[in-house]
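> Model the following, please.
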Amino acid sequence: MYVLGIHGGLKRDFEDGGTDFRWHDGAAVLVKDYEIVAAIEEERLNRVKHCNAFPAMAVRFCLDQVGIGLVDVDAIAVNLSREAVDMLAISRVLEGRHETELSGARLLAALFEKEFRIDVAPKLRFCNHHLAHAYSAFFAANFERSLVVTLDGDGDGLCGMVLAGEGGQLRKLREYPEHKSLGNWYTTMTRVLGYNRFDEYKVMGLAPYGDPKVFGDLFRSLYRLLPGGEYEMLPVTRQLFQLGQAGLLAHLRKKGEPFTQVHKDFAAGLQTALEDLALHMIGHFQRETREERLCLAGGVAHNCSMNGRILYSGLFKEVFVQPAAHDAGTALGAAWSVLQEAGVKRPRRRMEHLYLGTHIGGEPEIRQTLEAWQAFVTFEKVDRIAERTARLLAEGSVIGWVQGRSEFGPRALGNRSILADPRPAENKERINRMVKKREGYRPFAPSVQEEKAADYFVVAPSQKTFPFMIFVLDVQESQRANLGAITHVDGTARVHTVSKGANPLYWELLGEYGRLTGIPMLLNTSFNNNAEPIVDSPTDALVCFLTTGLDYMVVGDFLVGKREKPAEDLRVLDLAASLGRTKKLVRRSRAESSASDAGLIYSIESTASEHFGEASAAISPELFELLCVGDGHARLESLAGSIGITEREKLQVLAEEVHGLWERRMLILGPLTS
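Numbers count the residues shown, from 1 in each chain. Now for the predicted structure:
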């Protein structure tokens, strides 16, 4: 039985109106009798971070993996109740979007019909949002029985749910209403630090630099712990008043401003408060049920520091956190819920990996891609790629590593990763400078051979593997000085253990690096820059490689180097330029000027919300004209000549503008193809 699980918005990505971020992290998952055939987030394919659109590309990808169409799918699972989807449709009508459809199911079916020319209305199934979270965690963990807890911003009017799982059944113990949302509360509080939605993990990384006691009493005044795992939160307006009374609103940080000690102490207090609230709730239900195992899901479960504290609390022998804990993972849980209701027998297998996305292709396909870019890169096929890469890493190189199928979820787990030596502390600043362009305080994670993890990190006797990089663990005190690049200021690290069975080539690379250095571990961060999602295809990887300071890239068995940086000469104008499906050219008149060229504004604008990346970029009139006449199949230099731009100085200015927009992922550049 094929079931397609989906999560995503009620608009297509190239349509305007993408300001509603409730649908963030759109995704599709295809399962066949509980086996995950394919799973991918829409952002990996349309290159819009946290994409909130209908996941059309993700659906096509999943179906293509087994060569079937929607007609062959037995059911399509939606990660919200039917009532919730109806209310969202009604809200669109009330917001004046020129729509009249009040049925969410019909609105969703119409989207499928537009994209796939098939009526899927009879196939639609609906699953309560938090039940979808719960199924995704409990079935993936493969525990016979456990406590199951979901915590997120909101969904179906709730912010959390506690369940008892036994066999294949889930029994609800408690629901937490939306106004008690720990996820939304944490997001609101991060605004004091100049952050917003999707930046919560940055606050988690900042917290160890502060003292949680400084604002401990203040945070405890914002909520009240109650018997039975309950709690009360002050209304948001009252909380903001409390912050103002404490003088904190005078310390509001604007984006880009430096962090003061007040900000660091605030982050520390916020993080500790979140952990205290979660442990209060979870601890009560552990004592009530006496369950020895815990499953966690929901966006709050991506707080790796909280997960580490729960693990070290000793409340449970094992803690399983659904690695795609955010809303993308509910596509999986909703699909599994349909199979459960249909009585399909569930095989007892634990989720061992997340390599469920796009495959890089075989040697001929990779070679063809590299040859198309050979004006910009050098490459060679290497017989022992793990050994050669390990040697380059040991010599100090920072390398993009692209293998097999891409990972589902927000972590790069050795198939779409940037790798470096985990020892020199200066590697943190170096990688931030050359690739990430992010805050310098933020930590990088280590990948370590599974069987060697206990030599470097403090692991519990009953839980020694951490394959999904979703727990913060203490670094062994004796190892902290040796592991400066991956040890955070508080002596912790977000650990990723690698097994030979799940990823043999990456495990081999770690082993080769260990043979050279004595440490079977590498610094591992996601392969992307600050403007884009994690790379998915070899072409994505090449673009990131060429627009960052990476030393080398490995794709399959090919070692890739750079020729001169494209911005240093005019070779970037040998490429063809086009706009992605979520970008459009815009020309506007300045209100105070006449409609002459001097009074016009030219830009590239996104159909997605500013929550999901750069909303617009100003461009020159010359580039605007080139993009209007270009079709993605003509060299930029030829187009420039056609409008009279031939002088080297003017071409150089154009090349620098184009390269800058390419770095920001506002333009797509590529070699001409026959």
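
> Can you give me the first-to-last residue distance of stretch 626-636?
Stretch 626-636 stretches 7 Å from its first residue to its last (Cα to Cα, to the nearest Å).

> Other residues contacting it?
Applying Cβ atoms under 8 Å, 6 or more residues apart in numbering, the set of residues contacting stretch 626-636 from outside is 572-579, 585, 604, 619, 639-640, 642-643, 654, 658, 668, 670, 672-673. The C-beta positions use only the backbone N, C-alpha and C, and glycine is treated the same way.

> Now it: buried residues?
Within stretch 626-636, the residues that qualify as buried by neighbour count (16 or more other Cβ atoms under 10 Å) are 626-627, 630, 635-636.

> What is the nearest of those to residue 243?
residue 627 (46.4 Å; Cβ to Cβ).

> On the pLDDT front, check that closest one for me.
Model confidence at residue 627, given as pLDDT, is 92.

> for residue 411, same thing?
pLDDT for residue 411: 95.

> That one: what's it in contact with?
So residue 411 contacts 323, 354, 468-470, 496, 526 (Cβ under 8 Å, 6+ apart).

> Likewise for residue 400?
Contacts were defined as Cβ under 8 Å, 6+ apart; by that measure residue 400 touches 417-419, 527, 535, 541, 544-545, 550, 552-554.

> Tell me the secondary structure at residue 536.
Reduced to three states with DSSP: H, G, I helix; E, B strand; the rest coil, the structure at residue 536 is coil.

> Without its sequence neighbours, what residue ends up closest to it?
Leaving out its chain neighbours, the residue that sits closest to residue 536 by Cβ to Cβ, 6 or more residues apart in numbering is residue 44, at 4.1 Å.

> where in the chain is pLDDT low?
Scanning the chain for pLDDT under 70 picks out 17-22, 96-100, 565-569, 591-598, 612, 674.

> The most centrally placed residue in the chain is in what secondary structure piece?
Nearest to the geometric centre of the chain sits residue 410, at 3.2 Å (Cα atoms, centre = their mean). Assigned by DSSP states H and E, residue 410 belongs to no helix or strand.

> shouldn't it be in contact with residue 301?
No - applying Cβ atoms under 8 Å, one finds residue 410 not in contact with residue 301, separated by 11.6 Å.

> re the thing from before, could you verify that the residue nearest to residue 536 is part of a strand?
No - going by three-state DSSP, the assignment for residue 44 is helix, not a strand.

> Surely it touches residue 532?
No - in this structure residue 44 lies outside contact range of residue 532 using Cβ under 8 Å: 9.9 Å.

> ok, the two, which is more surrounded?
residue 44 (26 against 22; other Cβ atoms under 10 Å).

> Could you tell me which residues make contact with the more buried one?
Neighbouring residues of residue 44 by Cβ under 8 Å, 6+ apart: 357-358, 406, 533-534, 536.

> quick check, nearest of those residues to residue 11?
Set against residue 11, the nearest of the contacts of residue 44 by Cβ to Cβ is residue 533 (19.0 Å).

> number of nearby residues for the closest residue to the closest one other than its chain neighbours?
Using Cβ to Cβ, 6+ apart and skipping the chain neighbours, the partner closest in space to residue 533 is residue 43 (4.2 Å). Close neighbours of residue 43, defined as other Cβ under 10 Å, add up to 30.

> ok, residue 43 touching residue 52?
No - when contacts are counted by Cβ under 8 Å, residue 43 is not listed as touching residue 52 (9.6 Å).

> which residues are in contact with both of these two?
25-26.

> residues touching the nearest residue to residue 403 once chain neighbours are set aside, list them.
Nearest non-adjacent residue to residue 403, counting by Cβ to Cβ, 6+ apart: residue 415, 4.9 Å away. Residues near residue 415 by Cβ under 8 Å, 6+ apart: 355, 401-407, 503, 506.

> Quick check on residue 415: phi, psi?
With angles defined as degrees, to the nearest 10, residue 415 shows backbone torsions of phi -120, psi -20.

> any idea how far it is from residue 579?
Going from residue 415 to residue 579 by Cβ to Cβ, to the nearest Å gives 29 Å.

> And for residue 145?
Where residue 579 is concerned, residue 145 sits at a distance of 52 Å (Cβ to Cβ).

> if we can go back for a sec, wait, which of the contacts of residue 411 is closest to residue 238?
Using Cβ to Cβ, the contacts of residue 411 come closest to residue 238 at residue 470, 33.4 Å.

> What about that closest one, how many residues nearby?
If you count neighbours by other Cβ under 10 Å, residue 470 ends up with 26.

> repeat for residue 460
Using other Cβ under 10 Å, the number of residues around residue 460 comes to 15.

> bridging residues for it?
Legend: beta-bridge partners of residue 460 under DSSP bridges are residue 463.

> which residue packs closest to residue 16, ignoring adjacent ones?
Nearest residue to residue 16, sequence neighbours excluded (Cβ to Cβ, 6+ apart): residue 607, at 5.3 Å.
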